[in-house]
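Peer 1: After the sequence you'll find the predicted model.
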Amino acid sequence: MEAEPRGPRRLRRSFTALALALAVSAAGCIPTSTPDNATREAELAIRSLMAAWESGDQELIEDLFWPQATYDDFANQQTYEGLQEIVGYVTAVHTWADDVYWNVGAVHVTEGGAVAEWVFSAIQARPIGDQIPVGSGREVVTNGVTIIEMDGERIIRAADYMDTTPLLLQMGARIEMPGGGVVELPDGR
């Protein structure tokens, strides 16, 4: 039997490999990077982030973010850079609160990220740094949104938007306004 010239054999192998890869991909065995996959990954990432807030799971937080990621806390005008600072920010609620709960409402996703609307509730059981030196034992409830930007399968940037005034008032704080007015909840609650 005469040997086949080298060029056509290589071409036939390449064509066979390409046809096999397309067939396997079409059968769903090889994940492809499609807009549907990107939006599913973004939704999974933001729901996982909300679960990490609720549980304080450091390993989950580290798995969700790139090491060079940033997280903006717009309510307190803080930016956290890198995994160590992000873990500290997300888990800090557990240093002062018990019964931490994040109820995720609507989630809006795109190929590049996602937005989650949420309601947070907890019991303020311990001091919050120097700001609130005692545990009030009061339940606090507030809502907000978290936005994430994805880079591949991980979060490269996140941002929280919420109004902290209701939390402070629910813990018993009084807010003195310019001109002498005071904002507080009736009956100290």
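Peer 2: Arrived safely, thanks for sending.
Peer 1: Show me the domain layout of this protein.
Peer 2: Following automatic domain parsing, the chain resolves into domains at 1-30, 33-188.
Peer 1: for the shortest one, what is the average pLDDT?
Peer 2: Predicted confidence along domain 1-30 averages 44 (mean pLDDT).
Peer 1: one step back: mind putting the domains of the chain in JSON lines, mean neighbour count included?
Peer 2: Backbone N, C-alpha and C define where each C-beta goes, glycine included. Formatted as JSON lines, these follow (neighbours: other CB atoms under 10 Å):
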{"stretch": "domain 1-30", "mean neighbour count": "9"}
{"stretch": "domain 33-188", "mean neighbour count": "16"}
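Peer 1: need the least confident one among the ones you listed, by mean pLDDT.
Peer 2: Least confidently modelled of those is domain 1-30, at a mean of 44 by mean pLDDT.
Peer 1: Quick check: residue 167 touching residue 142?
Peer 2: Yes: assessed by CB atoms under 8 Å, residue 167 is found in contact with residue 142 at 5.3 Å.
Peer 1: Determine which residue lies closest to the centroid of the protein.
Peer 2: In the chain, the centroid-proximal residue (CA atoms, centre = their mean) is residue 49; its distance is 3.4 Å.
Peer 1: does it count as helix, strand or coil?
Peer 2: Under DSSP: H, G, I helix; E, B strand; the rest coil, residue 49 falls in the helix class.
Peer 1: next one: the one 4 residues further on
Peer 2: Put simply, residue 53 is helix when judged by three-state DSSP.
Peer 1: Contact partners for the residue nearest to the centre of the chain?
Peer 2: Residues counted as contacts of residue 49 (CB atoms under 8 Å, 6 or more residues apart in numbering) are 61, 64, 90, 116, 146, 148, 155, 158.
Peer 1: Report the contact partners of the second one.
Peer 2: Residue 64 sits next to 45, 48-49, 52, 154-155 when contact means CB under 8 Å, 6+ apart.
Peer 1: now do 6 Å
Peer 2: 45, 48-49, 155 (CB atoms under 6 Å, 6 or more residues apart in numbering).
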